[in-house]
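**Student:** Here is a sequence with its predicted model. Questions after.
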Amino acid sequence: MSRVLVIGCGGVASVAIHKCCQVSEVFTELCIASRTKSKCDQLAAGLAPKTAAKLTTAQVDADDVRQVIGLIRSYQPDLVMNIALPYQDLTIMDACLACGVNYMDTANYEPEDTDDPAWRAVYEKRCKEAGFSAYFDYSWQWAYRKKFEEAGLTALLGCGFDPGVTQAYCAHAKKHEFDTIETIDILDCNGGDHGYPFATNFNPEVNLREVSAPGSYWEDGHWVEISPMSIKREYDFDQVGHKDMYLLHHEEIESLALNIPEARRIRFFMTFGQSYLDHMRCLENVGMLSTSPVDFEGRQIVPIKFLKALLPDPASLGPRTKGKTNIGCIFTGKKAGQDKTYYIYNVCDHQECYREVGSQAISYTTGVPAMCGALMLLTGKWNKPGVYTVEEFDPDPFLEALDQHGLPRSESRTPVLVD
């Protein structure tokens, strides 16, 4: 039925590809492409005996738009699933426009080189005008709206869990639970333990830059920015227990503030253990989280890239991670003139994920929504030209697909609120 090009072969991409192979009646042909073709070959060889999907592999440097265009023209897919790094979003979007093919990703654009003068000028202007200083934002990809509309193509942005499923939860709440949403709190809890003194559950560069940046939240029509990790709350998560969580800036707040404009406050919290925070602060204090090159014995190295090479590969954490994740959204608002609260969330078990697809739950909770988003595009359930985030589409078929394919929702209408 469909031919799909997947760019990326890390932990999240591996999960997405596993799940695509389970729905081979839709994903009839898959090409797995990355900079290291041997990784693609190994994954394809392991999956080929278990699926009816036709699997092929390719080598591509996703930073090079000409290479991506060449691969797309050679393979002629119906959809490109970008599950590489957010640094490469714009390159792959350009290639999709040049080749007339739909596009999707799991995280919004951020630059690899934050010292680039041209990017820096745009960034500093945005900081002043918008009021938040995170390196990642939607403006670069939203600038492609008219191009995708005129080409009759769809670009689906941020279809992981958060962003992604959390936005579908918001669309579901708006459609089915509330007349007016007043507040949204997105809570991301990882109750898993991998046994290492320090490791990140997804790409260390992206993870550590996100966590060490100033936090921010949306309130009364504007951004409120705070010092990193300066707002802490404790929450009792279903099937996980009491955890400390901290307010972070997160990309879905930006789109939700536009698409649910009546919400007076939108916040994002993520749980962290004290050991993680101690290690991260130490590394930050000695400069290891820097993205600016430094001279070392006559060579230029980027400290955070060197740190990434030292840390455990997130894809290797699956067999040793135990525990569960709990990610969801708590809402307050009104229905039929009455005050109402509502909590929708998913609980995912690290070991169950590993038994199914050889991955820990962090990759699983991002890879499954990527497959389900692709399913929506390929079956025509989400099909309108332009550039969109998940909450701009009908949440019902997407949430039904998540229920079916490994990320079922849970609900509470009497949740404890976050103060």
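**Tutor:** Good, I have the coordinates.
**Student:** only C-alpha atoms for contact and neighbour calcs from this point on.
**Tutor:** Fine.
**Student:** And what about Ser133, helix, strand or coil?
**Tutor:** Here Ser133 is recorded as coil under DSSP: H, G, I helix; E, B strand; the rest coil.
**Student:** confidence score at it?
**Tutor:** pLDDT, Ser133: 92.
**Student:** One more: Ala44?
**Tutor:** Looking at Ala44, its pLDDT reads 98.
**Student:** ok, how many other residues are close to it?
**Tutor:** Residues contacting Ala44 under the criterion other C-alpha atoms under 10 Å number 21.
**Student:** pretty sure it is touching Leu55, no?
**Tutor:** Yes. If you go by C-alpha atoms under 8 Å, Ala44 and Leu55 touch, sitting 6.2 Å apart.
**Student:** which residues do these two both contact?
**Tutor:** Ile32 (C-alpha atoms under 8 Å, 6 or more residues apart in numbering).
**Student:** isn't there a helix covering Leu407?
**Tutor:** No. Membership of Leu407 in a helix is not supported by three-state DSSP, which gives coil.
**Student:** correct me, but it touches Thr365?
**Tutor:** Yes. Between Leu407 and Thr365 there is a contact at 7.3 Å, judged by C-alpha under 8 Å.
**Student:** Show me whatever sits in contact with both of those two.
**Tutor:** Cys348.
**Student:** With neighbour numbers in mind, choose between the two.
**Tutor:** Shown here are Leu407 and Thr365; by other C-alpha under 10 Å, Thr365 has more neighbours (27 against 21).
**Student:** so what pLDDT did the more buried one get?
**Tutor:** Here the pLDDT value assigned to Thr365 is 97.
**Student:** shaky segments in the stretch 101-250 of the chain?
**Tutor:** Applying pLDDT under 70 to the stretch 101-250 of the chain picks out residues 201-202.
**Student:** can you give me how far the biggest helix by length in the chain is from the chain middle?
**Tutor:** Using DSSP state H to define each element, the chain has its longest helix at helix 361-378. Relative to its chain's centre, helix 361-378 lies at 10 Å (C-alpha atoms, centre = their mean, to the nearest Å).
**Student:** swap in stretch 115-123?
**Tutor:** Its chain's average C-alpha position is 24 Å from that of stretch 115-123, according to C-alpha atoms, centre = their mean.
**Student:** Just the buried positions in that stretch, please.
**Tutor:** Tyr123 (16 or more other C-alpha atoms under 10 Å).
**Student:** and what of stretch 322-336?
**Tutor:** Neighbour-count burial for stretch 322-336, with 16+ other C-alpha under 10 Å as criterion, is recorded at 322-334.
**Student:** could I have that stretch exported to CSV, CA atoms only?
**Tutor:** Extracted C-alpha coordinates of stretch 322-336, given in CSV (Å, rounded to 0.1, in the frame of the first residue of the first chain):
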residue,chain,number,x,y,z
LYS,A,322,13.6,-1.5,35.0
GLY,A,323,10.6,0.4,36.1
LYS,A,324,7.9,2.5,34.3
THR,A,325,7.2,5.8,32.7
ASN,A,326,4.1,7.9,33.2
ILE,A,327,3.5,10.8,30.8
GLY,A,328,0.3,12.8,30.5
CYS,A,329,-1.6,16.0,30.9
ILE,A,330,-3.7,17.5,33.7
PHE,A,331,-6.4,20.0,32.7
THR,A,332,-8.6,22.4,34.5
GLY,A,333,-11.5,24.2,32.9
LYS,A,334,-15.2,24.3,32.4
LYS,A,335,-17.9,22.0,31.0
ALA,A,336,-21.5,23.2,30.8
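**Student:** Can we start the residue count at 890 from this point?
**Tutor:** Noted, 890 is the first residue going forward, which turns the last one into stretch 1211-1225.
**Student:** Quick one: mean pLDDT for it?
**Tutor:** Stretch 1211-1225 shows a mean pLDDT of 97 in the predicted model.
**Student:** is it true that His1138 touches Arg1098?
**Tutor:** No. Taking contacts as C-alpha under 8 Å, His1138 lies outside contact range of Arg1098: 11.1 Å.
**Student:** So those two - more neighbours on which side?
**Tutor:** Shown here are His1138 and Arg1098; by other C-alpha under 10 Å, His1138 has more neighbours (27 against 18).
**Student:** can you map out the strands along the stretch 1140-1289 of the chain?
**Tutor:** With DSSP state E, counting those that start in this stretch as the criterion, the stretch 1140-1289 of the chain has strands at 1154-1160, 1183-1185, 1188-1190, 1213-1224, 1227-1238, 1275-1278.
**Student:** who touches the closest residue to Tyr1165 other than its chain neighbours in this structure?
**Tutor:** Spatial nearest neighbour of Tyr1165, excluding adjacent residues (C-alpha to C-alpha, 6 or more residues apart in numbering): Phe1087 at 6.0 Å. Neighbour list for Phe1087: Ser1164, Tyr1165, His1168, Leu1200 [criterion: C-alpha under 8 Å, 6+ apart].
**Student:** What score does the residue lying closest to Phe916 once chain neighbours are set aside have for pLDDT?
**Tutor:** Nearest non-adjacent residue to Phe916, counting by C-alpha to C-alpha, 6+ apart: Ser891, 5.4 Å away. Confidence at Ser891, expressed as pLDDT, is 96.
**Student:** quick one: Ser891 from Cys909, how far?
**Tutor:** 11 Å (C-alpha to C-alpha, to the nearest Å).
**Student:** Look at these two and report which has more neighbours.
**Tutor:** The residue with more neighbours, out of Ser891 and Cys909, is Cys909; 26 against 17, by other C-alpha under 10 Å.
**Student:** Is the more buried one in a helix, a strand, or coil?
**Tutor:** Per three-state DSSP, the secondary structure class of Cys909 is helix.
**Student:** isn't it right next to Phe916, touching?
**Tutor:** Yes. Using C-alpha under 8 Å, Cys909 is in contact with Phe916, at 6.0 Å.
**Student:** average pLDDT across stretch 940-956?
**Tutor:** 98.
**Student:** got it, and stretch 915-923?
**Tutor:** In this model, stretch 915-923 has a mean pLDDT of 98.
**Student:** So which residues make contact with that stretch?
**Tutor:** The contact list for stretch 915-923 (C-alpha under 8 Å, 6+ apart) reads 890-898, 909-910, 929, 933, 941-951, 964, 973, 1264, 1267-1268.
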